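Undergrad: Using only what follows, build the 3D model:
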Amino acid sequence: MSRDWRIMICTRYRPLAIVVIVIVVWALSITSLMTIAKNQERSWDLRLARVTVGTTRSRLIEILGQPQGTERIKSNEIQWMRGLGFEELEKTKREHPELVKYFYYKTFFGMNGPVEYSVYLDENEERTVTAPNMLPFWVGLGNPLMVAVLLSLVFLAFIVWLCFRAWCIRNMRSPRSSLTADQQLGR
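TA: As a prediction, this is how the structure comes out:
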């Protein structure tokens, strides 16, 4: 008599089957998360590209939304601005004695991502002085996005294990399996 494949998977090969299923589910989950993150990254890049030198404050807020933080800075404290050479930086410092730095974080899945952008504004003119400057910080397990992804993958593995276990129990007890106890044990 032929052996029922469900019995083999639910008994002898259960650990291997669970590992394979979890790996497949993780791979599909990570692939879909990466696709979503890539689309969100593209959306952010398009919005950031629309902010140029001379953009009004109201237009900046329309494009990027309200800043996550602001900071007043005397322009002589600024050492470097992306896209500006030394002479242009000195000219900007002379023309704008005080600037306001607007902070924006790229958001992914509704959470702040690991990349911060800053835009310098002259509040008297209500215009941007620079294009968005990227200020990356260390990405590690302290990043809430990474913690959320790791916890969801662990939770997903637990759910897969429970579902597979329930499937095995249901199939081992089902009347479709007409094998006797000796046949199920492989005797």
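Undergrad: Confidence-wise, which helix or strand of the protein is lowest on average?
TA: helix 181-184 (a mean of 50; mean pLDDT, DSSP states H and E).
Undergrad: Can you name the next helix or strand after the strand or helix carrying Y117?
TA: Y117 is part of strand 111-122, with elements assigned from DSSP states H and E. Heading C-terminal from strand 111-122, the first helix or strand you meet, by DSSP H and E, is strand 127-128.
Undergrad: Contacts for that following strand next, please.
TA: With contact meaning CB atoms under 8 Å, 6 or more residues apart in numbering, strand 127-128 is reached by V51, T52, V53, G54, T55, T56, R57, L60, V119, Y120, L121. C-beta coordinates here come from the backbone N, C-alpha and C atoms, glycine included.
Undergrad: so the second one, which of the three states?
TA: Taken by DSSP: H, G, I helix; E, B strand; the rest coil, the conformation at T52 corresponds to coil.
Undergrad: ok, then the element right after the longest helix seen in the chain?
TA: Looking across the chain with DSSP state H, the single longest helix is helix 14-49. Using DSSP H and E, the helix or strand that follows helix 14-49 in sequence is helix 57-64.
Undergrad: Rounded mean pLDDT for that following helix, please.
TA: The pLDDT scores in helix 57-64 average 90.
Undergrad: in it, what counts as buried?
TA: R57, R59, L60, L64 (16 or more other CB atoms under 10 Å).
Undergrad: Go ahead and confirm the third one touches V51.
TA: Yes - L60 lies in contact with V51 (CB atoms under 8 Å); the separation is 6.0 Å.
Undergrad: Find the residues that touch each one of these two.
TA: Here L60 and V51 have V119, T128 as joint contacts, going by CB under 8 Å, 6+ apart.
Undergrad: related to what we said a few turns ago, just the mean pLDDT for the strand holding Y117, thanks.
TA: Mean predicted confidence for strand 111-122 is 75.
Undergrad: got any ranges where this protein has weak pLDDT?
TA: 1-3, 79-84, 108-115, 135-146, 174-187 (pLDDT under 70).
Undergrad: My guess is L156 contacts S29. True?
TA: Yes - under the criterion of CB under 8 Å, L156 makes contact with S29 at 6.3 Å.
Undergrad: contacting residues for V160?
TA: V160 touches I18, I21, V22, V25, counting by CB under 8 Å, 6+ apart.
Undergrad: In CSV, list these along with distance to Y102 and neighbour count.
TA: Shown next, in CSV, are these (distance: CB to CB, whole Å; neighbours: other CB atoms under 10 Å):
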residue, distance to Y102, neighbour count
I18, 49, 17
I21, 47, 15
V22, 43, 18
V25, 41, 16
